[in-house]
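Visitor: Based on what follows, work out the 3D shape:
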Amino acid sequence: MPFALAVTTILAYGLLLPLTGFYWDDWPFAWIAKFLGPAEFIPAFRGFRPFLGPIFLATTSLIPPNPLLWQVFALVVRFLSGLCAWFVFSETWPDHKRQAIIASLLFLVFPGYSQHWVAMTHINQEWIPFIFYLLSFGFTARALRRNVIAKSTAAATSRGTRPSAFILDTLLALLFLVVGVFPTEYFFTLEPLRFLLIWFVIAREAKGFRSRLVETLKQWWPYLLVWLADAAWLAYYYKSGVYISYGATAVEKLPSLGEFLFAMGDALWKAGFYVWVQLPVLISQSISSLAAPTNLLSATLILASVVFAALYLRNLEPLYGEATAFAAPALCIGLAGILLGRIPSLAAGLPLTLQSSFDRFMISMMLGASLFAAGLVEFSVRDARLKSYVFALLIALGIGQQFFNANIFRRDWARQQDIYWQLAWRIPALKENTAILTDYVPIDYETDLSFTASINWIYAPNVQLPDLPYAMLYTVERLGGAALPDLRPGTPIQLPYRSLTFHGDTSQAIVIYAPQNGCLRVLDPAFDRETYAKFPEDLVAAIPLSDVSRILSGSPSPMLPDPPFSKEPSHGWCYYFERAELARQTADWVEVARLGAEARQRGLVPGDALEWLPFIEGFARTGDPESAARITHAVWDGEKKSHQGLCALWMRVQAGGSSGAQSSASIILTELGCGH
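Guide: Below is the predicted model:
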């Protein structure tokens, strides 16, 4: 079984592992570990989840902030979680070894949770506490089973070995419950599952509903006390004034009965059914897109995994226990696990959407969902061989879904590296206390807080406490809030960042734009607004704040440390564009023209026609009006939204260029019909 779990873990999560990196809060956590030290996690989590601080302290003391090492660690942790699930299921159903193995494999590849590659964050915040919680369930089941054996075997009881083992297992279960439930509220509502687990485990001993209920409560009460203690702690902590909300707070108004039932039905549908068939749906939706090669690889992996899983499960058929004896409690516990696991995120007013950051809430539903799926197939499929094939297909679909997810994170990491290197080429150095404003960066698994960490990593290698030198803020999210009240010059900017704070103001800012397809741009108010006619309106409104003098153009470009960044990529179009924009900032038109000529010689072309503008102006101002005119007409004919920008460009040349440039500008302006 450990070998099967290891192979499944590698197939599902390890094939693209070297091509993945840091995401979401990984960047802030990695930055803290690198520049402030692991001990900083204690004060950093004091206002969020204080019992998580020691977990981060322990793991970051052992593992440096290297994305590859954290992805390897995540692989090991997921393997251990599969072992722990197997421990729970096999101790609960010792006579159903095959079903316990299948449920463990379904748990391991559960396709409703796509956030595995946000490794540093979710290992510490959820997976380590979850593993402890699983161990708590497993030791409870083992303690009960030993107690049942002890009571039914007089000889064992007389020797006293079983009672002592029962006490030890119970103490371990209580200890693991404490370290599993206190660090995070994700699993707070799962404790009633232990009541059901006890109920079914003692079925062989307690006969009759009343005696069974009494015995179940008798066994559950120590865990209930720990659970109530955690509830009291949470109630105190959230009302103490120490707690700093992530932005998700308990809903002020409880949902109506109809809303609650709808949310529970939605959770059951998604976690119990839809997650197992979502991969074919995703592939069918994107079959004609750029992801088609990925779809082909996913399909190939699914086919190979079906064969592997089917052969493995067929060999387990001699271990088959009676189906109904497993299916009924598995369905009951599984259904309860799904519904109970949804309550924490529902209480915070958060949605449950698949293939998004919100599917991290599925982690508290995984145990129940895997049991529910195993019980449903056991109950509805009678033929043993067909049952093996159905389970093999579900396991293979889970593997394929996780590979599909891994490729999304691979593309995200590659796009991150593009942006970091474009920043390094365009912005060699920055004055301290500079805020970088943008509407948003079109990457799925980063926020402005994520980029704040990486920007400080690049530009402040010798950071001095207690202030944070740089910050990125998304206007679409921060404008009007405490961090960015408005866009008037001189407005203070204050961004709390765990135990540090960024202090600046809107007059100490630069504005950037990162298009979906194209190169990153620093927006400069020295150029007419018409140049940016294609940009979002809220971003255009921030352009007057952009003080490009805060970019220290005379400094050498920073060499991004590897890790966590990648080595400098080969110089494509965006390299020449960023360097030309930097040269244009200081009116070094000779350098702009040189870069443009070299890019054209290499056959490089932009993804956005507006990226020709600095080169057109460079050619026009350095005695190459033919190239400038030729590119101008090509851009004009191909991109209508460039017309205002081109007119503004040639008007600048006419107003401030050499006599030859001014003459060429007059001709071009007439040909284009600018001003008419």
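Visitor: can you give me the helices in the stretch 301-450 of the chain?
Guide: Counting by DSSP state H, counting those that start in this stretch, residue ranges of the helices within the stretch 301-450 of the chain are 323-347, 366-380, 384-426, 448-459.
Visitor: would you list those in a markdown table and tack on mean pLDDT, distance to Lys218 and mean neighbour count?
Guide: Heads up, the C-betas are built off the backbone N, CA and C, glycines and all. Conversion of these to a markdown table gives the following (pLDDT from 0 to 100; distance: least, CB to CB, whole Å; neighbours: other CB atoms under 10 Å):
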| stretch | mean pLDDT | distance to Lys218 | mean neighbour count |
| --- | --- | --- | --- |
| helix 323-347 | 89 | 20 | 21 |
| helix 366-380 | 94 | 24 | 24 |
| helix 384-426 | 92 | 36 | 21 |
| helix 448-459 | 94 | 48 | 23 |
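Visitor: wait, which of those helices is closest to Gly645?
Guide: Nearest to Gly645 among those is helix 384-426 (18.9 Å), distances taken as CB to CB.
Visitor: Which strands or helices does the closest one pack on?
Guide: Helix 384-426 sits against helix 97-108, helix 278-285, helix 292-315, helix 366-380, helix 448-459, helix 573-585, with contacts defined as 3 or more CB pairs under 8 Å, 6 or more residues apart in numbering; DSSP states H and E.
Visitor: nearest to Ser659, of the ones you listed?
Guide: With CB to CB as the measure, helix 573-585 is the member of the helices and strands packed on helix 384-426 nearest Ser659 (21.3 Å).
Visitor: So for that closest one, mean pLDDT?
Guide: For helix 573-585, the mean per-residue pLDDT is 95.
Visitor: lowest-confidence helix or strand of the protein?
Guide: Sorted by mean pLDDT, DSSP states H and E, the helices and strands of the chain end with helix 154-159, the least confident at a mean of 48.
Visitor: Tell me the secondary structure of the closest residue to Leu610 other than its chain neighbours, please.
Guide: The shortest distance from Leu610 to any non-neighbouring residue, by CB to CB, 6 or more residues apart in numbering, is to Ser642 (5.7 Å). With DSSP: H, G, I helix; E, B strand; the rest coil as the basis, Ser642 sits in helix.
Visitor: so what's His643 up against?
Guide: Contact analysis of His643 by CB atoms under 8 Å, 6 or more residues apart in numbering lists Trp636, Leu672.
Visitor: Now do it against Pro625, distance only.
Guide: Look at His643 and Pro625: by CB to CB, to the nearest Å, they are 19 Å apart.
Visitor: low-scoring pLDDT stretches of the stretch 51-200 of the chain, where are they?
Guide: Of all residues in the stretch 51-200 of the chain, those with pLDDT under 70 make up the ranges 148-163.
Visitor: the helices in it, which residues?
Guide: 53-62, 67-92, 97-108, 119-122, 128-152, 154-159, 161-181, 192-201.
Visitor: Show me the domain layout of this structure.
Guide: Recorded structural domains for the chain (assignment: automatic domain parsing) are 2-245+256-410, 429-553, 572-676.
Visitor: So which of those is nearest Trp421?
Guide: By CB to CB (comparing all of the domains of the chain), the closest turns out to be domain 572-676, at 8.0 Å.
Visitor: re the thing from before, tabulate the domains of the chain in CSV, adding columns for distance to Ile419.
Guide: Listed next are the domains of the chain as CSV, based on distance: least, CB to CB, whole Å:
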stretch, distance to Ile419
domain 2-245+256-410, 12
domain 429-553, 6
domain 572-676, 10
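Visitor: chain center to stretch 463-472, what's the gap?
Guide: Centre-to-centre, stretch 463-472 and its host chain are 24 Å apart (CA atoms, centre = their mean, to the nearest Å).
Visitor: List the buried residues in that stretch.
Guide: Taking 16 or more other CB atoms under 10 Å as the neighbour-count basis, stretch 463-472 is seen to contain the buried residues Val463, Leu468, Pro469, Tyr470, Ala471, Met472.
Visitor: bridging residues for the closest residue to the second one other than its chain neighbours?
Guide: Nearest non-adjacent residue to Leu468, counting by CB to CB, 6+ apart: Phe502, 4.1 Å away. Beta-bridge pairing for Phe502 (DSSP bridges): Leu468, Leu495.
Visitor: So what's the residue count around Phe502?
Guide: Burial of Phe502 is recorded as 22 neighbouring residues (other CB atoms under 10 Å).
Visitor: ok now do it, which residues does it touch?
Guide: By CB under 8 Å, 6+ apart, the contact set of Phe502 is Asn433, Ala435, Thr452, Asp467, Leu468, Pro469, Tyr470, Ala471, Ile493, Gln494, Leu495.
Visitor: quick one: least confident of those?
Guide: Comparing pLDDT over the contacts of Phe502 singles out Asp467 as the least confident position, at 81.
Visitor: hang on, that residue packs against His503?
Guide: Yes. Asp467 sits in contact with His503 when judged by CB atoms under 8 Å, with a separation of 5.8 Å.
Visitor: Give the intersection of the neighbour lists for those two.
Guide: Each of Asn433 lies in contact with both Asp467 and His503 under the rule CB under 8 Å, 6+ apart.
Visitor: Quick one, which of the helices of the stretch 301-450 of the chain gets closest to Arg600.
Guide: Across these, the minimum distance to Arg600, taken as CB to CB, is reached by helix 384-426, at 18.4 Å.
Visitor: Ok, which of the helices of the stretch 51-200 of the chain comes nearest Leu311?
Guide: With distances scored as CB to CB, the stretch of the helices of the stretch 51-200 of the chain nearest to Leu311 is helix 97-108 (13.4 Å).
Visitor: ok and that closest one relative to helix 292-315, angle-wise?
Guide: Using axes from the mean of the first three to the mean of the last three CA atoms, to 10 degrees, the interaxial angle of helix 97-108 with respect to helix 292-315 works out to 160 degrees.
Visitor: What is helix 97-108 packed up against?
Guide: Here helix 97-108 is seen to pack against helix 2-9, helix 67-92, helix 292-315, helix 323-347, helix 366-380, helix 384-426 when contacts are counted using 3+ CB pairs under 8 Å, 6+ apart.
Visitor: make it 6 Å
Guide: Based on contacts counted as 3 or more CB pairs under 6 Å, 6 or more residues apart in numbering; DSSP states H and E, the elements that helix 97-108 packs against are helix 67-92, helix 366-380.
Visitor: Next, the contact list for Glu578, please.
Guide: Shown in contact with Glu578 (CB atoms under 6 Å, 6 or more residues apart in numbering): Gln422, Trp425, Arg426.
Visitor: Save those as TSV, and put in distance to Thr670 too.
Guide: Below are the contacts of Glu578 laid out as TSV (distance: CB to CB, whole Å):
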residue	distance to Thr670
Gln422	36
Trp425	36
Arg426	34
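Visitor: where's Trp650, which helix or strand?
Guide: helix 643-656 (DSSP states H and E).
Visitor: how about the CA coordinates for that helix, as PDB?
Guide: In PDB, the C-alpha atoms belonging to helix 643-656 read as follows (Å, rounded to 0.1, in the frame of the first residue of the first chain):
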ATOM      1  CA  HIS A 643      -4.300  56.500 -34.000                       C
ATOM      2  CA  GLN A 644      -4.400  59.000 -31.100                       C
ATOM      3  CA  GLY A 645      -1.100  57.800 -29.700                       C
ATOM      4  CA  LEU A 646       0.700  58.000 -33.100                       C
ATOM      5  CA  CYS A 647      -0.700  61.500 -33.700                       C
ATOM      6  CA  ALA A 648       0.500  62.600 -30.200                       C
ATOM      7  CA  LEU A 649       4.000  61.000 -30.800                       C
ATOM      8  CA  TRP A 650       4.500  62.800 -34.100                       C
ATOM      9  CA  MET A 651       3.300  66.100 -32.600                       C
ATOM     10  CA  ARG A 652       6.000  65.700 -29.900                       C
ATOM     11  CA  VAL A 653       8.600  65.200 -32.600                       C
ATOM     12  CA  GLN A 654       7.300  68.200 -34.500                       C
ATOM     13  CA  ALA A 655       7.500  70.300 -31.400                       C
ATOM     14  CA  GLY A 656      10.900  69.200 -30.000                       C
END
